[in-house]
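Trainee: got a sequence here, can you model it:
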Amino acid sequence: NFFGSSRRTTKYCIDFPAMTNRPELRGQSLFLDVNPDRKLVQGWLGHLCKKGDNQNSNCAAIPIDEASPLCMVVATCDIPMGEILTRDIATNEGEVLVKKQITKSGDMALKKYEVQIAELRGFTDMVYANKEINSLEEKGNGQEEVQCDQALKFKKINMDYPGLKELHKDPDIYAVDKFLTADESNRIIAKCKPKMAPCVTKDPLTGSVGPDSSRTSTEAMLPRTEAPSVVSKLTSLLDCKEEQLEILQVLRYEKGQEFKLHTDGFQGPVTAAGFENSGRLVTIFTYLNDVKEGGHTNFPELSLSVAPKQGSTVVHFPAAESLEEDKRTIHQGMPAIDEKWLLTTWIWQHERTDERYAESRLPKLSEDII
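Mentor: Presented below is the predicted three-dimensional model:
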């Protein structure tokens, strides 16, 4: 599969410049998964392409103008069954391809899949909805460049929430001291402590679930029904519905455990965590205990470091309402020296609808209702 991005997000990939006349993709790279362990299957084989040139290639990758950044792999000669696909990178670098330059095979593919491409265009338009093309407006005998780009808009929160303070401006990061009481924090820890398990993640290539090497803490899922007072505070501060909340996570970091550099957002709509074609708009995490040493939350791009303090909460915005990821919010949980406990969740653009992630499916932790 091909993706448009300014950074790698897959383990095996080949980068090459985006070849499109769409301004929102200029300066980015398209790349494809080239996992050598992938099983050969019929259908889309872009992820199996190797790099070559016009002397030893048998195909080319061509961006689909109607659904950029998606691409098609077009055979440039007859390819015997079983032969490895080798992409001609020479024909794919430094050019802006328009439809009339696409090969005959490409035109046939565009015609054959025009309905599917039209559907895909709707999704790519949502991804880049906030990007406007600069236009020239004629005034008198001259021309004046008119800037049509609009500033990204982020979800509004309750700015009147008691104790809300600003830690950073553009990107905005807020904090509330004593968001949770000491009693609420201690009871959450007591409720979750017997149920903690290693953090896991799903491999995007194989679909298998295993330990998360970037986050070495342990976790437990906190049902909303067992912490209604906490949920009420979250929805009040974040000005959202309960169903926009991702499942509440409680995290424990023991000595040496950390969460490496990461962002919480996604570029464009995704289907994950029970949400369909949506995205994370707000991150909120609350420290559940005082930490004397270590475990700070560090935002390296912003020169901002937040020290853990029981009951204090931090709010930032990983993506705009247009679902464009704000990579300035990249952050990390520094290695713990003293034990650190966190409650965290994310606000999504839409409500959670996948029944597999229903709150009723979460195991009960205890009889204590916070």
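Trainee: where does the stretch 101-250 of the chain have low pLDDT?
Mentor: Scanning the stretch 101-250 of the chain with the threshold set as pLDDT under 70 gives 101-150, 202-210.
Trainee: would you map the helices across it?
Mentor: For the stretch 101-250 of the chain, the helices defined by DSSP state H, counting those that start in this stretch occupy 104-112, 114-127, 182-192, 228-238.
Trainee: what distance do you get for the residue lying closest to K327 once chain neighbours are set aside to V73?
Mentor: Nearest in space to K327, with sequence neighbours left out and distances taken as Cβ to Cβ, 6 or more residues apart in numbering, is T263 at 5.9 Å. From N, CA and C alone the C-beta is placed, and that goes for glycine too. To V73, T263 is 30 Å away according to Cβ to Cβ, to the nearest Å.
Trainee: repeat for M221
Mentor: Distance from M221 to V73, counting by Cβ to Cβ: 41 Å.
Trainee: cool, I173 as well?
Mentor: Distance from I173 to V73, by Cβ to Cβ: 43 Å.
Trainee: over to G333?
Mentor: 40 Å.
Trainee: how about A273, nearest residue that isn't a chain neighbour?
Mentor: Nearest residue to A273 in three dimensions, chain neighbours excluded: E246, at 5.3 Å (Cβ to Cβ, 6+ apart).
Trainee: ok, now F266?
Mentor: Per Cβ to Cβ, 6+ apart, closest to F266 is G279, 5.2 Å.
Trainee: now do E254
Mentor: E339 is the one closest to E254 (Cβ to Cβ, 6+ apart), at 5.7 Å.
Trainee: what residues are up against F317?
Mentor: Going by Cβ atoms under 8 Å, 6 or more residues apart in numbering, F317 touches F154, K155, P171, D172, L281, V282, T283, D326, T329.
Trainee: repeat that with 10 Å
Mentor: 152, 154-155, 157, 171-174, 264-265, 280-283, 326, 328-329, 347 (Cβ atoms under 10 Å, 6 or more residues apart in numbering).
Trainee: list buried members of those by neighbour count.
Mentor: 154-155, 157, 171, 173-174, 264-265, 280-283, 326, 328-329, 347 (16 or more other Cβ atoms under 10 Å).
Trainee: just the strands in the stretch 201-350 of the chain please.
Mentor: Using DSSP state E, counting those that start in this stretch, the strands of the stretch 201-350 of the chain run over 209-211, 218-222, 248-253, 259-262, 270-272, 275-278, 280-287, 297-299, 304-306, 313-316, 331-333, 340-348.
Trainee: which of the ones you listed has the lowest average pLDDT?
Mentor: Mean pLDDT is lowest for strand 209-211 among the strands of the stretch 201-350 of the chain, at a mean of 69.
Trainee: neighbours of the closest residue to S229 other than its chain neighbours, how many?
Mentor: Of all residues not flanking S229 in the chain, I370 sits nearest, at 5.8 Å (Cβ to Cβ, 6+ apart). Neighbourhood size, I370 [other Cβ atoms under 10 Å]: 20.
Trainee: I284 too?
Mentor: Neighbourhood size, I284 [other Cβ under 10 Å]: 22.
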